[in-house]
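S.K.: Structure, please.
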Amino acid sequence: MFGQKHYEEGFIVLNNQDTIYGLVKDRKPHPFARLYKKIKFRGRKGTSKYGPKQIKVYKKGQSTFESIWINETGHFLNQNYASVPNSGERQFLKVVEKGYLTYYQLEFEDGDSDYIDTIDLFKKRDGNELIRVTQGLFGLKRKSLIRFLNDCPALVKKIERKEFKYPIEVATFYNACKNGQL
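M.R.: This is a model prediction of the structure:
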């Protein structure tokens with residue numbers, strides 16, 4: 001079972017909450033990187049393919065991905081995202097940090113470079129809105145973050161003072177704020 005080309009140890013969580021352990025492959029690696037629409041899973045019962053509608057979560061190596069509803073509106077520089085059940089389409093998003101605020105990365109194929117790139121998104125546990133956290137080379141989208149995370153005044157001050165450069169710093173601080181650890 002080991003030594004399978006580009007498979008990594010992991011598991012899948014089916015929609016009925018059953019967890020199955022095995023080997024997972026979700027992409028073709030560089031130099032001609034490509035994300036698969038359905039992940040490939042090898043378990044005791046052989047190889048199967050699963051799309052975002054068929055499973056809730058999968059883990060591949062050290063990375064965890066959740067299947068969530070994504071509804072995209074807007075245009076290139078002003079794209080809006082929401083996660084409302086049965087609205088848009090279910091997609092796999094990489095989980096970077098899980099908590100009151102979950103930091104996701106939406107992976108996509110960069111057509112110019114044959115690499116896989118990401119869009120950083122935040123989602124509050126009790127909300128439907130996903131906000132885009134960064135804008136390419138411009139860094140953090142500070143105004144959007146201040147508006148979205150205004151229920152943690154200490155974080156808002158740090159964002160205004162440009163004390164954070166990376167999404168993970170913002171997510172970690174916000175979760176500590178909401179968990180009463182500040």
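S.K.: so where's the chain shaky on pLDDT?
M.R.: 1-4, 76-77 (pLDDT under 70).
S.K.: Go through it and flag its longest strand.
M.R.: If each strand of the chain is counted by residues according to DSSP state E, the longest one is strand 63-75.
S.K.: counting contacts, what elements does it pack onto?
M.R.: Applying 3 or more Cβ pairs under 8 Å, 6 or more residues apart in numbering; DSSP states H and E, we find strand 63-75 packed against strand 55-60, strand 78-82, strand 89-97, strand 101-110. Using the backbone N, CA and C atoms, a C-beta is placed for each residue, glycine as well.
S.K.: Tell me what angle the first one forms with strand 89-97.
M.R.: Read it as strand 55-60. Taking axes from the mean of the first three to the mean of the last three Cα atoms, to 10 degrees, one finds that strand 55-60 is oriented at 40 degrees with respect to strand 89-97.
S.K.: Could you check how far strand 55-60 is from the centre of its chain?
M.R.: 12 Å (Cα atoms, centre = their mean, to the nearest Å).
S.K.: what comes into contact with it?
M.R.: 8, 10-15, 17, 24-26, 39, 41, 50, 64-67, 92 (Cβ atoms under 8 Å, 6 or more residues apart in numbering).
S.K.: Quick check: neighbours of that strand in the sheet, parallel or antiparallel?
M.R.: Applying DSSP bridges to the sheet, strand 55-60 is found paired with strand 8-14 (antiparallel), strand 63-75 (antiparallel).
S.K.: Extract the CA atoms of it and return them as PDB.
M.R.: Presented in PDB, the C-alpha positions along strand 55-60 are these (Å, rounded to 0.1, in the frame of the first residue of the first chain):
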ATOM      1  CA  ILE A  55     -17.200  14.000   1.800                       C
ATOM      2  CA  LYS A  56     -17.000  16.600   4.600                       C
ATOM      3  CA  VAL A  57     -13.200  16.600   5.300                       C
ATOM      4  CA  TYR A  58     -10.100  15.000   4.100                       C
ATOM      5  CA  LYS A  59      -6.600  15.000   5.400                       C
ATOM      6  CA  LYS A  60      -3.500  14.400   3.300                       C
END
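S.K.: Can you flag the buried ones in the contacts of strand 55-60?
M.R.: When burial is judged by neighbour count using 16 or more other Cβ atoms under 10 Å, the buried members of the contacts of strand 55-60 are 10-13, 24-26, 39, 41, 50, 64-67, 92.
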